[in-house]
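Participant: build me a model:
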Amino acid sequence: MKRLLLLVSFSLLLNASENLSLHQALEILKTQNLEIESAKIDESIAKEDEKSVSGIEYGTLNFIQDFAHSNDAGNVFGFTLSSREASFGNFGFSEFDGTNPNILNVQPKDLNYPDDRSYFQSKLKYEVPLFTGFALSNYKDIMSSMRRIKGLEKEQVINAKSYELRKSYYDMALLDDSIYNLNTIIENINTLEDMTKSMIEVGYAKHIDLLEVKAKKGNVKRLLLQMNANKKLLYHYVSFLLNQKVTAIVTPSSEIEMPILSDEEILKNNLDMQKASIALEIRKDMLELSNAAYYPTLGAFGELSTADDSFLGDADDHKAYTVGARLTWNIFNGGVDSAKIEKSKLEHIKMKSQLELARKGIALKLAKIRTEIISADEEIDSLKKELEFAEAIYKNYEGRYKEKLSSMSDVIIKQSAQIEKVLQLQIAKNRRNAKIFQLEKLANGEK
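Facilitator: From the prediction side, this is the model:
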C-alpha cells in the first residue's frame, strides 16, 4: 500500500511537471519514453529466444491421442494387434475344419474382410538430443550474444534519448541567457528612446532619430519573439521525450564542463565497439557451428502407450513401451559443408578487420571533436570579450549622442554590433555544447 501511495504521489508530481530539473527529467525519461520502452521489449524478446534455445537440451514430452475407425484389413489387424487382442480367428482359423486338403489355398474371410473397428491409442513420447556435434551449445552461445547485443542497443537508445533531453535543457539555458541579454538591450533602447524624446523637445535631436530608435527596438523585439517561439518548441519536444506535458523546467548552466575522458576509456566503454566485439564472438560461434556438420548426431526416445477400441479401455492390460536411440552421420554431401566452413572463416576474418577499422574511425572522430571543442572554447572567450567591448562602445556612443558628438545612426550601428555579438555568442556556445554531447555519446555516458 505504501508503495502504491508513493507511485500515485510520484505520478501526480510528474503530471504537474513544474520546475522539472534535468535529473528528474532523466529519471522520468527512463520509465516513460516510448522508444526506450520499445527497446526494453526487444531485449525481453531476445531473452525469451535465449530461453527457447536452452530448453531444447531438455528434450520434448508429447501426449498423442489417435482415433481411427476403419474396415481396411491391414488397419483392423494392426488395431487388434496393437490392442493386444489378436486371436487365431483373426488369421482365418475359424474356417479350418481339417477335412479340406487344399486348406492352404483358402482365403480367410475374417482376415481379408474383417468387421470395421474403432481404434483409440494414447501415447506419451519423450525425445531428447544426446549429442549434436556441439551445434546446440553453439546455438546457445549465439543467442546469448544476441541477447547481450539487444541489451546494448537498449542502452544506446537510453543514451540517445538522454542526449536529446540534455541538449534540449542546455538549448533552453542558452535561449534564456540570450533572452536576458536582449531584454537588457531593450531596456537600454527604452532609455535611449526616452532620452531622444527629451532631446527632441529641447531641439537637440530630430524626429528621424526617434524613428531609428523605434525601428531598432522593433528588430530586437522580433528576435525576442523568435527566441520565445523556440522555447515553446523546446517545451513541446521535452514533453514528447517524456511522454507527458512539461510546462516549466529548471535550466542548468548554459555551458557544459568538458568531461575528463581519455580516448582509451571512450574506446573501451563505447557501445558500438562492444556490439562489434560481441558480433565477432558470434562469427566465431558460427564458425564452430559450421564444423558441427562433420560430427554425428545422437538422440534418444522413449514412449509409453495403450490402445483399445474405446478410449483408455483396459489401459493397464494393453499398455506397451518402446525405447531407442538414433545415430545420424552425414558421410558425404558434395563438399557443401567444407564450403560453408570456408565461408565462415572468411566472414570471421572480415569481422576482425571491420572491428579494427571501427576502432580507428572512432579514434579519428575523437581527435576531430576535441579539436573542435578547443576551437569553440577559444571562440567563446573571444566573443565574451568582444561583447563586453561592444557594450562599452555602445554606452560610450550613447553618451556622445547625448552630448551631440555623434549621430543616432552611429549609436544604432554600435547597438547592432552588440546584438550581433549576443547572437554569435549563443551560436558558439550551442556549437560547443553539441560537440561535448558528441564526445559523451561516443563515451556513452550521462555526465
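
Participant: what average pLDDT does the host helix or strand of Lys350 get?
Facilitator: Assigned by DSSP states H and E, Lys350 falls within helix 336-402. Across helix 336-402, the average pLDDT comes to 89.

Participant: I'd like the next helix or strand past that helix.
Facilitator: Trace forward from helix 336-402 with DSSP H and E and the next one is helix 408-443.

Participant: so what's the gap between that following helix and the chain middle?
Facilitator: Taking CA atoms, centre = their mean, to the nearest Å, one finds helix 408-443 lying 35 Å from the centre of the chain it belongs to.

Participant: what mean pLDDT does that helix get?
Facilitator: Mean predicted lDDT for helix 408-443 stands at 86.

Participant: any stretches of the chain with poor pLDDT?
Facilitator: Where the chain drops to pLDDT under 70, the residues are 1-18, 89-90, 92-106, 254, 445-447.

Participant: so which residues of it form helices?
Facilitator: Counting by DSSP state H, the chain has these helices, from start to end: 2-16, 22-32, 34-54, 73-82, 109-112, 135-201, 207-242, 263-269, 271-291, 336-402, 408-443.

Participant: so how far is the third one off the chain centroid?
Facilitator: The chain centroid and the centroid of helix 34-54 are separated by 10 Å under CA atoms, centre = their mean.

Participant: swap in the fifth one?
Facilitator: A distance of 69 Å separates the C-alpha centroid of helix 109-112 from that of its chain, computed with CA atoms, centre = their mean.

Participant: again, but for stretch 216-232
Facilitator: With CA atoms, centre = their mean, you get 38 Å for stretch 216-232.

Participant: same check on stretch 436-447?
Facilitator: With CA atoms, centre = their mean, you get 17 Å for stretch 436-447.

Participant: how about stretch 237-251?
Facilitator: 22 Å.

Participant: what does stretch 360-374 give?
Facilitator: Centre to centre, stretch against its chain (CA atoms, centre = their mean), the figure for stretch 360-374 is 26 Å.

Participant: ok, the spatially closest residue to Lys352 that is not a sequence neighbour - contacts?
Facilitator: In this structure, Lys352 finds its nearest non-sequential neighbour in Leu280, 6.3 Å apart by CB to CB, 6 or more residues apart in numbering. All C-beta spots, glycine's among them, are computed from the backbone N, C-alpha and C. With contact set as CB atoms under 8 Å, 6 or more residues apart in numbering, Leu280 has these partners: 348, 351-352, 355.

Participant: give me the angle between the top strand by length along the chain and helix 73-82.
Facilitator: Using DSSP state E to define each element, the chain has its longest strand at strand 117-131. Computed by axes from the mean of the first three to the mean of the last three CA atoms, to 10 degrees, the angle separating strand 117-131 from helix 73-82 equals 70 degrees.

Participant: in its sheet, what does strand 117-131 sit against?
Facilitator: In the sheet containing strand 117-131, its partner strands are strand 60-70 (antiparallel), strand 297-308 (antiparallel), by DSSP bridges.

Participant: mind checking how far the residue nearest to Leu210 when sequence neighbours are not counted is from Asn333?
Facilitator: Nearest residue to Leu210, sequence neighbours excluded (CB to CB, 6+ apart): Thr196, at 5.0 Å. Noted for Thr196: a distance of 96 Å to Asn333, by CB to CB, to the nearest Å.
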